[in-house]
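A.B. asks: Sequence and computational prediction follow.
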Amino acid sequence: MELKTIKPKKLEVTRAENFPVATESKVVSLGTRVRNARQEQNLTLENASKLCGVSRSTLSKIENELMSPTFDVLQKIIAGLKIEFNSLFGPAPSQGHSGRRAVTKSGEGERYEQGKSYQFEVLANELAHKTMLPFKITVTARHLDDVGKWSRHEGEEFVYVLSGTLRMYTELYTPVDLEVGDSIYYDAKMGHAAISISEQDAVVLWVTTQRPSY
């Protein structure tokens, strides 16, 4: 039987330049977004500071980019002005294109601290109105007293341990210790808190889901 040589078909490579490129929106500063949220509600600095539980001078400095707020101060502003966390970062989604993406190089995320408990690095912070909020978090707390109280909010959360050992407390379950490569997924409306039980601080990928605002 005669064997025929089959020549491989030449693959056609579609070049990236053949595709339209979405134009990027200008990134608006966090301070400007806080000011816009306050002004949209016709609130003075004095009234907004009372609602947020943050001093007038602190709120003014944040709006004018004279200081970067700690994570707990940012949470107070979000609660007081009733705004979404992810709406404070990056441009609004482009109306002309359905696809979006964000690349965060190592160490280039927005950084915040929450007392002696956590150090946050906000990932994909160039995109606003995300349904997922990804963080790289260094857990510095060693005792529940360092955390202070349960965290609880809308949505669900996924935690993946990158280094160290994490002890995860959830309101309705016994604590669980998580090593590198371990993960946990839970309802964020259930009280939760985490501490590091390793010699070094635990570092985790922490993803929170949130309903889109558009």
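C.D. replies: Done, it's in.

A.B. asks: what's the helix or strand encompassing residue 39 packed up against?
C.D. replies: Per DSSP states H and E: residue 39 is located in helix 30-40. For helix 30-40, the elements it packs on are helix 56-63, helix 71-81, judged by 3 or more C-beta pairs under 8 Å, 6 or more residues apart in numbering; DSSP states H and E. Bear in mind the C-beta positions are built from the backbone N, C-alpha and C, glycine included.

A.B. asks: Can you name the next helix or strand after the longest one?
C.D. replies: Sequence-wise, the next helix or strand downstream of helix 71-81 (DSSP H and E) is strand 110-114.

A.B. asks: just the angle between that next one and helix 30-40, please?
C.D. replies: Using axes from the mean of the first three to the mean of the last three C-alpha atoms, to 10 degrees, one finds that strand 110-114 and helix 30-40 are set 70 degrees apart in direction.

A.B. asks: following strand 110-114, which helix or strand shows up next?
C.D. replies: strand 118-122.

A.B. asks: helices or strands next to that next one in the packing?
C.D. replies: strand 110-114, strand 132-139.

A.B. asks: now the shortest one against strand 118-122, angle please.
C.D. replies: Here strand 110-114 runs at an angle of 160 degrees relative to strand 118-122 (the same axes, to 10 degrees).

A.B. asks: buried set for the helix holding residue 39?
C.D. replies: Residues of helix 30-40 classed as buried under the neighbour-count rule (16 or more other C-beta atoms under 10 Å) are 30-31, 33-35, 37-38.

A.B. asks: In TSV, list these along with pLDDT.
C.D. replies: Shown next, in TSV, are those (pLDDT from 0 to 100):
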residue	pLDDT
30	79
31	86
33	86
34	91
35	92
37	90
38	93
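
A.B. asks: With respect to residue 130, which of the residues you listed is nearest?
C.D. replies: residue 33 (14.5 Å; C-beta to C-beta).

A.B. asks: residues contacting residue 31?
C.D. replies: 62-65 (C-beta atoms under 8 Å, 6 or more residues apart in numbering).
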